[in-house]
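In: Here is a sequence with its predicted model. Questions after.
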Amino acid sequence: MTYRAFDESSHSGQPVELLEIQYGQTEAEIVRTTSGDRDVVVGGKTYLAFTTTRDQFDDEVNPDDAKQLSIRVPRDHPFILEFDQREFPTMVAVRIKRCHLNDPDLGTFNIWSGRLVGVSFEAPWMVMGCEKIATALTQTGCRIRYMRQCPHALYMPRCWADKEQFKAVGQVTALSTNKATVTVTLPSTPSVGYYVGGILLFNGLSRFIIEQNGSNLKLSRPLLDLDVGESVTLHPGCDRLAATCKDKFNNLDNYGGFDYIPPKGPFEGTSIV
């Protein structure tokens, strides 16, 4: 039987959704789960049963539609456990399929395809923000904005600040229970906010530093393999202001902001022309 034969009747069908998350090229780098109450084997592939919810979506046939789809999974979801342990150098593909458990052939129907753009914690869920796959193939709008603050990504092209020049190596002396806040002893005491927006590196993994209180650093997400006594590398952050670019990084020649934009635009009724 085909998927369509069972999907035409909600009474006779037993629909479940199948979630596939692929973060690499090998079979081991594909996580498969189902919203059903038991594991499902489809095409020789096992989809593990996990409580999963998602936003509703519709197809407006707009390839540039960047509206995010939020998929909520428990903290012990196999992809979330993998997400905590590593970084993904390539795009993470997300596919949602549907099948009926009373279909002898377990025929599937693809209902959504996209890519992962971010993960956040909203107790008790881990929320995966996803966009349609077509948004990765097009680039619309301005590449650089005319704005007061610098639009360049720190240490990246157009910024060109030398990350190695400003790095510092320190030792972890304390960790929070969830390993998202670390205390790092450095050769010199950093100034207030010096590392906010910067990077912490450990064994090839990186985390953004989102808060700093003296030597205590709050990370964007935990580093589960990090322990007291380990060495880490820190790179300072930037608040994208001209004074910071000049005084902290000596990089004013590459500053991309426009500090002297008039506070009022020419179409606000104050033009003298």
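Out: Received it, and whenever you're ready, just let me know what you need.

In: counting contacts, what elements does the strand or helix carrying residue 113 pack onto?
Out: Counting by DSSP states H and E, the element that carries residue 113 is strand 108-122. Counting contacts by 3 or more CB pairs under 8 Å, 6 or more residues apart in numbering; DSSP states H and E, strand 108-122 packs against helix 3-7, strand 15-22, strand 69-74, strand 93-100, strand 125-132. To be clear about C-beta, it is placed using only N, CA and C from the backbone, and glycine gets the same treatment.

In: Model confidence for the residue nearest to the spatial centre of the chain, exactly?
Out: Residue closest to the average C-alpha location in the chain (CA atoms, centre = their mean): residue 118, at 2.5 Å. Note on residue 118: pLDDT of 88.

In: and it, what does it touch?
Out: By CB atoms under 8 Å, 6 or more residues apart in numbering, residue 118 lies in contact with 128-129.

In: what's the distance between it and residue 260?
Out: 34 Å (CB to CB, to the nearest Å).

In: Please verify my assumption that residue 218 contacts residue 212.
Out: Yes. At 7.5 Å, residue 218 counts as touching residue 212 under the criterion of CB atoms under 8 Å.

In: Looking at the two, which one has more neighbours?
Out: Using other CB atoms under 10 Å as the criterion, residue 218 and residue 212 rank with residue 212 on top: 20 against 16.

In: Would you indicate which residues of the helix or strand hosting that one are buried?
Out: Per DSSP H and E, residue 212 falls inside strand 205-213. Within strand 205-213, the residues scored as buried using 16 or more other CB atoms under 10 Å are 207, 209-210, 212.

In: Dump those to TSV, plus distance to residue 99.
Out: Formatted as TSV, the buried residues of strand 205-213 follow (distance: CB to CB, whole Å):
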residue	distance to residue 99
207	38
209	44
210	41
212	49
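
In: between those residues, which is nearest residue 196?
Out: For those, the minimum distance to residue 196 (CB to CB) is 5.1 Å, reached by residue 212.

In: From residue 28, how far out is the closest one?
Out: Look at residue 212 and residue 28: by CB to CB, they are 37 Å apart.

In: now do residue 206
Out: Distance, residue 206 to residue 28, using CB to CB: 23 Å.

In: Now do residue 23: how many residues are near it, please.
Out: Neighbour count for residue 23, taken as other CB under 10 Å: 21.

In: State the helix or strand in which residue 172 lies.
Out: strand 168-175.

In: buried sites along whichever helix in the chain runs longest?
Out: Once the chain is assigned using DSSP state H, the helix that runs over the most residues is helix 78-85. Buried residues in helix 78-85, counted by 16+ other CB under 10 Å: 79-80, 83-84.

In: burial measure for residue 109, as a count.
Out: Residue 109, neighbours per other CB under 10 Å, totals 15.

In: how close does it sit to residue 20?
Out: Counting by CB to CB, the separation of residue 109 from residue 20 is 13 Å.

In: For residue 115, which non-adjacent residue is spatially closest?
Out: Take residue 115 and drop its neighbours on the chain: the residue closest to it by CB to CB, 6 or more residues apart in numbering is residue 91, 5.2 Å away.
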